[in-house]
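**Student:** coordinates only, sequence not included:
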């Protein structure tokens, strides 16, 4: 794109409306939704070796959901008016839906966790199945928040909710791998050599699954970028900003290479595929990558000036 | 006829001399704090000497008929009046800034003193009292014309009928109500101008 012979003589600066509190909120709701889905899968499959993971993730999901809205309230310019979101609504605004989802989901998640810990398998399974669409909506609606802000070219894509959900899955599985590995190493009191071998195999399988979901994530990002680069002027500039502009180190360096390709090779590579340490390192990198992705999307998306 | 008022503005850039009187009058009328603007001018220079020329465009809220901000506001603090002005309820606004993120024209801002979202409202307090907006009143060349688009006898309606007008970012389908005569496309554009990335807040200022 040629910008030769044009100089801006006078313009005014505009504020960056959404800062990283919002990106962090997306990150935490993603982790929470990912943990909840894993917990429900573990509960539904019902096998004994899945139980510890099912229990940990059942607790993690609502716990993460308590941290998330604190970020939102901190970002508000009028934080003491946050209750307006429950009194006033707008059915064409994704944030209205989000406010109610964000209330229903932690309640559902807490009841589900109680069912899992008190070993009420049937109730847990029913609540789990009912809770999966809720968990997906709680993170999916954040993708819609960005997608429906028509003005920002990096955000206004149909792929946004899907990209958000897939990265949430990736980071959620990563968190579960880390926590399960920590428990395996230091907190598994009732371990026998065979349960230890079984648990290790399970964690490595989870990490493998994470690698396959990363491949899906890469495909989605590739499609998003290809369309950005071949669409209109604002979209092209957004694509160039993250590929070769000021956000390239974060996007290409941290999100793609460090946060996606390195973990994939660590988990699937012949030398490291049986190493629990490699799986944990990969999961840490994955979470750093997904956090960087939230940053690039939220902040980078607002960096292209609109006037 | 008086029921269906539709406030609109026509800015004839052939008459505009980029004197910034509108910017100053607006600041004075609305007590807009430093660093934020309800209305401003953008001036670009195209070409290299001796074939260089400056083009400018006065910018303010377009009070769009199909406003994305009003669609996205979670509390309906931002709403559209029947006469077309998009208002912000200063008591209902929670400052989530989704409207600022959604606006394609960058006309909204957080008032740093009051911590709510504000923008140009076509001086509705003056308009409701039968006056013209402050910027229109102050324009020395009468480049800005404001009135009821639906009243065929108003100056605005006649100018719209007699002149070729453009709006900014028509592809956004927001149906803006500020019409320009003879606006330069580079001055209107946000990507043709060599992009000065500018951000405020948690990130250091990035320059292209």
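**Tutor:** Received it, and whenever you're ready, just let me know what you need. This one's a predicted model, so the numbers in the text were calculated from it and none came from an experiment.
**Student:** what's residue A:250 sitting at in phi/psi?
**Tutor:** phi -70, psi -40 (degrees, to the nearest 10).
**Student:** What's the local residue count around it?
**Tutor:** By the measure other C-beta atoms under 10 Å in any protein chain shown, the count of residues near residue A:250 is 21. For every residue, glycine as well, the C-beta is placed using N, CA and C.
**Student:** now residue A:46
**Tutor:** Residues contacting residue A:46 under the criterion other C-beta under 10 Å number 12.
**Student:** Likewise for residue A:20?
**Tutor:** The number of residues packed near residue A:20 is 19, by other C-beta under 10 Å.
**Student:** my read: residue B:24 touches residue B:137, true?
**Tutor:** No. Checked against C-beta atoms under 8 Å, the pair residue B:24 and residue B:137 is beyond contact range at 11.9 Å.
**Student:** which residues of chain A score low on pLDDT?
**Tutor:** Scanning chain A for pLDDT under 70 picks out the ranges A:1-4.
**Student:** Could I get the full set of helices for it?
**Tutor:** Along chain A, counting by DSSP state H, helices occupy A:20-45, A:51-75, A:84-87, A:94-117, A:121-147, A:160-182, A:193-230, A:233-244, A:248, A:262-268, A:276-295, A:301.
**Student:** For the fifth one, list every residue counted as buried.
**Tutor:** The one in question is helix A:121-147. Neighbour counts over helix A:121-147 (16 or more other C-beta atoms under 10 Å in any protein chain shown) mark A:124-125, A:127-128, A:131-132, A:134-147 as buried.
**Student:** Touching, residue B:149 and residue B:10? I think so.
**Tutor:** No. Here residue B:149 does not reach residue B:10: they are 9.2 Å apart, not a contact under C-beta under 8 Å.
**Student:** quick one: common contacting residues for these two?
**Tutor:** Shared contacts of residue B:149 and residue B:10 (C-beta atoms under 8 Å, 6 or more residues apart in numbering or on different chains): B:156, B:160.
**Student:** Which residue of the two possesses the greater neighbour count?
**Tutor:** More neighbours surround residue B:10 than the other of residue B:149 and residue B:10, with 23 against 19 (other C-beta under 10 Å).
**Student:** how about that one, secondary structure?
**Tutor:** Here residue B:10 is recorded as strand under DSSP: H, G, I helix; E, B strand; the rest coil.
**Student:** Could you pull up the residues touching it?
**Tutor:** Neighbouring residues of residue B:10 by C-beta under 8 Å, 6+ apart: B:144-146, B:156, B:159-160, B:163, B:165, B:178-181.
**Student:** What count of nearby residues applies to whichever residue of chain B sits closest to chain A?
**Tutor:** Using C-beta to the nearest C-beta, the closest approach of chain B to chain A is made by residue B:95 at 2.5 Å. By other C-beta under 10 Å, the residues close to residue B:95 number 22.
**Student:** the helices in chain B, which residues?
**Tutor:** All helices of chain B, identified by DSSP H, fall at B:21-30, B:68-72, B:98-102, B:124-127, B:134-138, B:155-162, B:185-188.
**Student:** okay if I get these as CSV plus mean neighbour count?
**Tutor:** CSV is the format used below for these (neighbours: other C-beta atoms under 10 Å in any protein chain shown):
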stretch, mean neighbour count
helix B:21-30, 19
helix B:68-72, 23
helix B:98-102, 25
helix B:124-127, 17
helix B:134-138, 21
helix B:155-162, 15
helix B:185-188, 19
